[in-house]
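**Q** Sequence isn't available, so here's the structure alone:
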């Protein structure tokens, strides 16, 4: 993954209009959000922040380290890519296609499209992904971590609260309840049918 990250970063830095790589997110992802990113999304968010000279790259370093990708973490810290590029000699047609798109397509969304393309060809793209939805508390903490304006943070808290429970837990509980109700209905229907059968006899 470090080789892909290095080559994609080099390609992005060489773009004639390097300022055109804005994220679809209003703020950089914080630590909790980064845990939810697939491999392709994490790589392209890293490329975006390196090119942007983001002040929040330490969160990326921590996330790569959490996933055991220490070579990527070190590359972000040191900005040293030449050794990675020179030590690797690999055939990667997906990477070549991704770099071509970065070089010729001048739209804000190209990084997101490249992330999707890489994920579609990587069966382990979500191996380290935390699959639950962000809780309101995590979203608020991420906004604080990336230095979102205080009024934005306050507005979010007033609207969503600071619950530490993920919406995924509510959904799982509702699904479990619906399943239980469905099973009870089936048992009741079976019982009533057996009674009807007995009466008819």
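**A** Cool, the structure landed. Values in this document were obtained by computation on a predicted structure and should not be read as measured data.
**Q** Secondary structure element holding the closest residue to residue 73 other than its chain neighbours?
**A** What sits nearest to residue 73 in space, not counting adjacent residues and going by C-beta to C-beta, 6 or more residues apart in numbering, is residue 64, at 4.1 Å. Every C-beta, even on glycine, is put in place using the N, C-alpha and C of the backbone. Assigned by DSSP states H and E, residue 64 belongs to helix 57-66.
**Q** got it, and residue 90?
**A** Following DSSP H and E, there is no helix or strand that holds residue 90.
**Q** again, but for the one 10 residues further on
**A** Using DSSP H and E, residue 100 falls within helix 93-104.
**Q** helices and strands around the helix or strand residue 156 falls within, which ones?
**A** Assigning secondary structure by DSSP H and E places residue 156 in helix 150-160. If contacts are counted by 3 or more C-beta pairs under 8 Å, 6 or more residues apart in numbering; DSSP states H and E, helix 150-160 sits against helix 136-145.
**Q** so how far is residue 169 from residue 105?
**A** 40 Å (C-beta to C-beta, to the nearest Å).
**Q** that older thread, and the helix holding residue 156, what's buried?
**A** For helix 150-160, the buried set under the neighbour-count rule, 16 or more other C-beta atoms under 10 Å, comprises 153, 156.
**Q** Let me know the angle separating that helix from helix 136-145.
**A** On the basis of axes from the mean of the first three to the mean of the last three C-alpha atoms, to 10 degrees, helix 150-160 is oriented at 180 degrees to helix 136-145.
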